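A.B. asks: Could you work out the structure for the sequence below:
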Amino acid sequence: MSARTICLLALALAGAGMPAVSLASPKVADVLIQHATIVDVEAALTRPGQSVALRGEDIVAVGDDASMASRWTAARRIDAGNRYLVPGLWDMHVHFGGGPALIEENKALLPLYIAHGITTVRDASGDLPQQVLQWRGQIASGALAGPRLLTSGAKIEGIKPVWKGTLEVGSEADVDAAIAQLRRDRVDFVKITDSTLKPELFLYAASAARKAGLKASGHIPMALTVEQAVDAGLASIEHLDYAFKAGSREQAGIAADFGAGRIDRAQANQRLDASFDRDTAMAAYRDFARRGVFVTPTLNGGRILDFLDQDDHRHDPYLAYIGPGLRATYAWRVDRAAKATPAQVQARHRQYHQVAAVLPMLQQAGVTIIAGTDAGFLNAFNYPGIGLHQELRLFVREGLTPPQALAAATRAGPAWFGQMDRYGSVEAGKAADLVLLDANPLQDISATESINTVVLRGKVHDRTALDAMLQQVRSKVKAWDAAQGDARVD
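C.D. replies: Just a heads-up that it's a prediction; the model follows:
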């Protein structure tokens, strides 16, 4: 049939009132997800009856089922059954560590993230920085199964800090050398903590990181105000209590007194609690928003420790996925919490609620809130994988809407890293990192746990495959327990 005949046939059909027929060959995708309800997280709405074409690690087309069926074919078709398709979840605060003896136990955590729909994690530094850098490369090349891994490498700290695996600095020259090392390691951002780091070097490190083109994140020394840290270049504040500190009317005086040794940390915290003022806080938070400073609350870790008197977590089923060496690292914080007096326990409860009340204030002020768990070694019962879903439920419990909580886990991470062109929505040209849910997370945030399928870098993991991942981790942990004579009940 000639091209002229085809053209005349199409015109004749159109003239007869019949729909035009596309005679072009359909495009070929690797995977075609059909009959999906796409969740537009930014607009907080759903689009039913959609199909998504994937090729390699990319989303190559998105459209209504009918038009996509006529234009695309694929080697693998997935009937989403009207389930809800969201961008892959991000956990923006995790840790790997516990020493070289626990490398394999830490590696076994990677599948837990995938099985819980988490396609990207931000490692906020532990004591295995070189190992994590190696995993990052292996995951990127496909040699190791795991979520996309972004890492700070070794954190910057003072001399002889509490935290291991750090770049210890005691001078500006040391900070410069540390930044140079991190650039050689091609880290994704810089983490700065305050165990023994001098306040002036904290400020210098944040400034040096910014000048080197790296975002800085971290803890803020008590001897500094939050504003000083932000002025120096801190781009994300980790843990909600530091944002709470910014709401104190007396923050500058408290910082000065602590820095001069006139008060200890407990006294400083008491004064911060007593001097918190909503107007002061909102002014500070609006300034965060104006400067593009994000906040990672990590509520779940604090909740667990603050309420250990009500739930000791010793019989959590999820412990079956955590190796014996990692479980042993929990003892440090658990033992410390157990020594609290009844009055101190009640004070912990009050402090948790007082700090958590800041969350909706940040949202109201326009601050971008990042979902991150603090999960990993040391942080007792704060589990990799399921911990992110617990964090999101806490966000809603403390005052965010489900769409706001979902955005914190899908869009805030890409926004902080400047990667919104690649992540954070289900659109053509974006990464093929997707999660198919049985229920609508815009209505009930616990729906993020109803995972049917995870697509990671274009590779499809259905529920059977996800369950197999979990079982493999359980089997490894069971073998490690047996080797240590620690028989756990399944």
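A.B. asks: which secondary structure elements does the biggest strand by length in the chain contact?
C.D. replies: Identified as the longest strand of the chain according to DSSP state E is strand 27-40. Secondary structure elements in contact with strand 27-40, counted by 3 or more C-beta pairs under 8 Å, 6 or more residues apart in numbering; DSSP states H and E, are strand 45-55, strand 58-64, helix 65-71, strand 72-79, strand 84-87, strand 434-437. Glycine gets a C-beta too; all of them are placed from N, C-alpha and C.
A.B. asks: contacting residues around the helix or strand that the fifth one is followed by?
C.D. replies: Beyond strand 84-87 on the C-terminal side, the first helix or strand identified by DSSP states H and E is strand 89-94. Identification of contacts with strand 89-94 by C-beta atoms under 8 Å, 6 or more residues apart in numbering yields 113, 116-124, 238, 296, 298, 370-376, 384, 387-388, 409-410, 412-414, 416, 423, 435, 448.
A.B. asks: picking that back up, neighbouring strands for the longest strand of the chain, and are they parallel or not?
C.D. replies: Applying DSSP bridges to the sheet, strand 27-40 is found paired with strand 45-55 (antiparallel), strand 72-79 (parallel), strand 84-87 (parallel).
A.B. asks: send the alpha carbons of that strand over as CSV?
C.D. replies: Taking Å, rounded to 0.1, in the frame of the first residue of the first chain, the C-alpha atoms of strand 27-40 are listed here in CSV:
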residue,chain,number,x,y,z
LYS,A,27,7.4,2.8,20.5
VAL,A,28,9.0,0.1,22.5
ALA,A,29,9.6,0.4,26.3
ASP,A,30,11.1,-2.0,28.7
VAL,A,31,8.2,-1.8,31.1
LEU,A,32,4.7,-0.4,30.7
ILE,A,33,2.7,0.3,33.8
GLN,A,34,-1.0,0.5,33.0
HIS,A,35,-4.2,1.4,34.8
ALA,A,36,-2.3,3.4,37.5
THR,A,37,-3.5,6.3,39.6
ILE,A,38,-0.6,8.7,39.6
VAL,A,39,-0.1,10.8,42.7
ASP,A,40,0.9,14.3,41.9
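A.B. asks: picking up where we left off before, so which of the strands paired with strand 27-40 is nearest Ala357?
C.D. replies: strand 84-87 (28.2 Å; C-beta to C-beta).
A.B. asks: And that closest one, what's buried?
C.D. replies: 84-87 (16 or more other C-beta atoms under 10 Å).
A.B. asks: just stretch 164-184 next, same as before
C.D. replies: Per 16+ other C-beta under 10 Å, stretch 164-184 contains these buried residues: 165-167, 169, 174-175, 178-179, 182.
A.B. asks: And stretch 72-89, by the same measure?
C.D. replies: So stretch 72-89, judged by 16+ other C-beta under 10 Å, has buried residues 72, 74, 78, 80, 83-89.
A.B. asks: Between the two ends of it, how far is it?
C.D. replies: With C-alpha to C-alpha, to the nearest Å as the measure, the first residue of stretch 72-89 is 27 Å from its last.
A.B. asks: what mean pLDDT would you report for stretch 357-372?
C.D. replies: For stretch 357-372, the mean pLDDT works out to 98.
A.B. asks: now swap in stretch 250-264 and tell me
C.D. replies: On average, stretch 250-264 scores 98.
A.B. asks: counting contacts, what elements does whatever helix or strand Phe258 lives in pack onto?
C.D. replies: Following DSSP H and E, the helix or strand that holds Phe258 is helix 251-259. In terms of contacts (3+ C-beta pairs under 8 Å, 6+ apart), helix 251-259 is packed against helix 265-274.
A.B. asks: where does the chain dip in pLDDT?
C.D. replies: Within the chain, the stretches with pLDDT under 70 are 1-23, 486-490.
A.B. asks: Check it for its longest helix and report it.
C.D. replies: The residue-count maximum for a helix in the chain (DSSP state H) belongs to helix 463-483.
A.B. asks: What residues of that one count as buried?
C.D. replies: Residues 466, 469-470, 473, 476-477, 480-481 are the ones in helix 463-483 that count as buried (16+ other C-beta under 10 Å).
A.B. asks: Who is the most centrally placed residue in the chain paired with across the strands?
C.D. replies: Nearest to the geometric centre of the chain sits Asp91, at 1.6 Å (C-alpha atoms, centre = their mean). Beta-bridge partners for Asp91, by DSSP bridges, are Val121.
A.B. asks: how near is it to Asp311?
C.D. replies: Distance, Asp91 to Asp311, using C-beta to C-beta, to the nearest Å: 22 Å.
A.B. asks: likewise Trp416?
C.D. replies: Applying C-beta to C-beta to Trp416 and Asp311 gives a distance of 32 Å.
A.B. asks: Beyond the helix or strand containing Ala229, next helix or strand please.
C.D. replies: Under the criterion of DSSP H and E, Ala229 resides in helix 226-232. Scanning forward in sequence from helix 226-232 by DSSP H and E, the next helix or strand is strand 234-238.
A.B. asks: residues near Ala281, how many?
C.D. replies: Residues near Ala281, counting by other C-beta atoms under 10 Å, number 22.
A.B. asks: Having no further points to raise, I will conclude here.
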